[in-house]
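A.B. asks: Only the shape, not the letters, is given here:
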């Protein structure tokens with residue numbers, strides 16, 4: 001694990017928003033443990049990229065070390081035209097580049113992830129397709145985020161998905177801060193969350 005200060009930025013400098021790119025987004029399938037080196041190569045080549053990473057603490061030789069680990073091992077995202085794709089492949093750190101057909105969906109999903117990471121949400125990798133009820137956060141710093149409820153109770157776990165990868169990131173949210181994403185506050189959703197939900201963004 002790199003020292004914390006040696007990690008590349010999660011989002012390429014100068015890219016304020018995920019949707020402010022000069023070309024489409026691509027999914028880079030990197031060689032094992034090459035995600036950060038690939039991001040550093042893109043940074044040097046001035047290619048826009050996003051590498052979601054989680055802040056983690058490890059213990060080695062009795063010492064605690066803080067570092068960043070990729071949220072999606074062996075995957076990163078970059079944007080640009082065909083020339084950018086060629087230059088990304090020329091880094092020698094990729095197995096393949098995946099074309100993204102539904103650009104709008106990926107942009108929305110990556111934007112959600114960035115918001116959660118920037119807000120220091122306690123995220124955990126969710127390496128499966130999320131199956132459950134779609135919901136929306138209606139208050140607090142993560143208002144507007146949408147995910148799939150995969151665990152009920154007073155603090156349900158919702159998954160922010162990246163559909164093209166078939167995986168996502170799970171986070172806990174107070175049940176009272178959730179509403180069905182399809183705006184139908186039915187009994188099924190209340191049962192999943194384990195209590196009656198407050199469908200207003202009060203306070």
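C.D. replies: Structure's in. What do you need? Bear in mind the structure is a predicted one, so any value in this text is a computation, not a measurement.
A.B. asks: Could you chop the chain up by domain?
C.D. replies: 4-100, 124-193 (automatic domain parsing).
A.B. asks: Same list (the ones you listed) but as a markdown table, adding distance to residue 112.
C.D. replies: From N, CA and C alone the C-beta is placed, and that goes for glycine too. Compiled in a markdown table, the domains of the chain are given as follows (distance: least, Cβ to Cβ, whole Å):
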| stretch | distance to residue 112 |
| --- | --- |
| domain 4-100 | 9 |
| domain 124-193 | 5 |
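A.B. asks: Just give me the lowest mean pLDDT stretch among those domains.
C.D. replies: Note on these: lowest mean pLDDT is at domain 124-193, with a mean of 88.
A.B. asks: quick one: the strands in this structure?
C.D. replies: Taking DSSP state E, the strands of the chain run over residues 25-30, 49-50, 53-60, 63-70, 75-79, 94-99, 124-126, 133-137, 146-151, 157-162, 167-172, 178-180.
A.B. asks: before we move on, back to that, out of the domains of the chain, flag the one nearest residue 116.
C.D. replies: Proximity to residue 116, assessed across the domains of the chain by Cβ to Cβ, is greatest for domain 124-193 (6.1 Å).
A.B. asks: Measure how far the closest one is from the centre of its chain, please.
C.D. replies: Distance, stretch centre to chain centre, for domain 124-193: 14 Å (Cα atoms, centre = their mean, to the nearest Å).
A.B. asks: Looking at the protein, which helix is longest?
C.D. replies: Once the chain is assigned using DSSP state H, the helix that runs over the most residues is helix 103-118.
A.B. asks: would you list the strands of the chain in JSON lines and tack on distance to residue 43?
C.D. replies: Converted to JSON lines, the strands of the chain look like this (distance: least, Cβ to Cβ, whole Å):
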{"stretch": "strand 25-30", "distance to residue 43": "14"}
{"stretch": "strand 49-50", "distance to residue 43": "7"}
{"stretch": "strand 53-60", "distance to residue 43": "14"}
{"stretch": "strand 63-70", "distance to residue 43": "15"}
{"stretch": "strand 75-79", "distance to residue 43": "11"}
{"stretch": "strand 94-99", "distance to residue 43": "16"}
{"stretch": "strand 124-126", "distance to residue 43": "24"}
{"stretch": "strand 133-137", "distance to residue 43": "32"}
{"stretch": "strand 146-151", "distance to residue 43": "30"}
{"stretch": "strand 157-162", "distance to residue 43": "22"}
{"stretch": "strand 167-172", "distance to residue 43": "23"}
{"stretch": "strand 178-180", "distance to residue 43": "37"}
